[in-house]
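S.K.: predicted model, plus sequence, below.
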Amino acid sequence: MDESLSGDSSRSRTIRRCGLIVLLSGLAACGGGGASSSANNTGGTGTTISSVSPAGIVVAATPATVSLTGNNFAAGMTIAMSSSLGTTRITPTSVTSTSMVVSVPVSTLPSGNYVTLSVMPASGGAALASAILGVAGTARTLAADIQAIFDNAGCTSCHAGAVPSGGLDLTGGSSAAALINRNSVGCATRFRVTPGDPRRSSSVLVDKIQARSSGVAACSGNPMPPPGSTLGAQDIQAIIDWVAGGAN
């Protein structure tokens with residue numbers, strides 16, 4: 001693996017400006033990943049979103065409870081949930097100056113495996129802040145689903161040992177620490193895996209595995225895995241679901 005999936009220091013997830021789309025990975029009744037510190041947000045009159053919990057949900061008929069943490073929330077504000085499926089306005093079930101709790105209804109998988117949650121002012125007008133929430137089609141975990149893909153696709157033939165390729169160790173027991181919220185050297189300001197955010201612009205692992213099939217170059221280096229690997233379309237989608245659902 002080239003340096004776009006390497007880097008040794010971890011840091012708080014970079015807050016990035018996001019347009020109208022928020023990635024919500026939907027884990028309904030079973031609950032998604034932990035709190036997301038990567039809420040891509042835009043500020044307005046001091047209102048910000050610092051985190052979303054869970055970071056991702058699984059698509060389901062039942063609404064998922066999602067908590068937004070931030071600053072300068074107020075009674076009367078609502079949430080606009082936007083995705084490829086359209087926009088839905090949601091009234092929070094509770095609001096304080098630093099938190100909002102909303103019931104997020106995602107019964108159909110949006111393209112890209114995410115939705116955008118935007119805080120809308122009570123008086124109307126433009127969004128004050130927005131954040132990405134991942135939506136997984138199926139609940140996936142690293143231990144039960146994704147590690148076997150890394151092993152079977154031959155990823156661990158290079159990314160293992162005392163000096164793994166690119167400094168990335170994908171062997172069992174090491175892959176979570178090597179991937180989740182870990183800095184990418186080759187792709188500035190990006191993490192190898194950003195829990196709940198499966199966009200190529202946010203999670204370098206997703207960028208690399210989609211580069212070959214999409215025809216759009218990765219942010220740095222060659223697509224992964226190299227030609228001849230057994231990583232198929234279903235495996236790629238499973239990895240995307242894992243990231244979108246919170247990278248548990």
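M.R.: Perfect, thanks for sending it.
S.K.: against residue 208, how distant is the most centrally placed residue in the chain?
M.R.: By C-alpha atoms, centre = their mean, the chain has its centre lying nearest to residue 197, at 1.4 Å. According to C-beta to C-beta, to the nearest Å, residue 197 and residue 208 sit 15 Å apart. Heads up, the C-betas are built off the backbone N, CA and C, glycines and all.
S.K.: now do residue 134
M.R.: Taking C-beta to C-beta, one finds residue 134 at 18 Å from residue 208.
S.K.: look at the two and report which has more neighbours.
M.R.: Per other C-beta atoms under 10 Å, whichever of residue 134 and residue 208 has more neighbours is residue 134, with 39 against 26.
S.K.: for the residue in the chain sticking out farthest from the centre, give me its contacts.
M.R.: Centroid-distance maximum for the chain: residue 123 at 30.8 Å, with C-alpha atoms, centre = their mean. Residue 123 makes contact with residue 76, according to C-beta atoms under 8 Å, 6 or more residues apart in numbering.
S.K.: on the three-state scheme, residue 145 is what?
M.R.: Judged by DSSP: H, G, I helix; E, B strand; the rest coil, the three-state class of residue 145 is helix.
S.K.: thought it was touching residue 240?
M.R.: No. Residue 145 is beyond contact range of residue 240, at 11.8 Å (criterion: C-beta atoms under 8 Å).
S.K.: and these two? Which one has more around it.
M.R.: Neighbours per residue, other C-beta under 10 Å: of residue 145 and residue 240, the larger number sits with residue 240, 26 against 16.
S.K.: nearest spatial neighbour of that one, chain-adjacent residues omitted?
M.R.: Excluding its sequence neighbours, the residue lying closest to residue 240 (C-beta to C-beta, 6 or more residues apart in numbering) is residue 198, at 4.8 Å.
S.K.: sec struct for the one you found, please.
M.R.: Residue 198 - assigned by three-state DSSP - is coil.
S.K.: kindly state the domain boundaries assigned to the protein.
M.R.: 3-12+139-244, 25-136 (automatic domain parsing).
S.K.: where does pLDDT dip in the chain?
M.R.: 1-45 (pLDDT under 70).
S.K.: the same query, at a cut-off of 50, please.
M.R.: Applying pLDDT under 50 to the chain picks out residues 2-4, 6-38, 40-43.
S.K.: my read is that residue 197 contacts residue 115, right?
M.R.: No. Using C-beta under 8 Å, residue 197 makes no contact with residue 115, being 11.3 Å away.
S.K.: for residue 143, what are its contacts?
M.R.: Contacts of residue 143 by C-beta under 8 Å, 6+ apart are residue 172.
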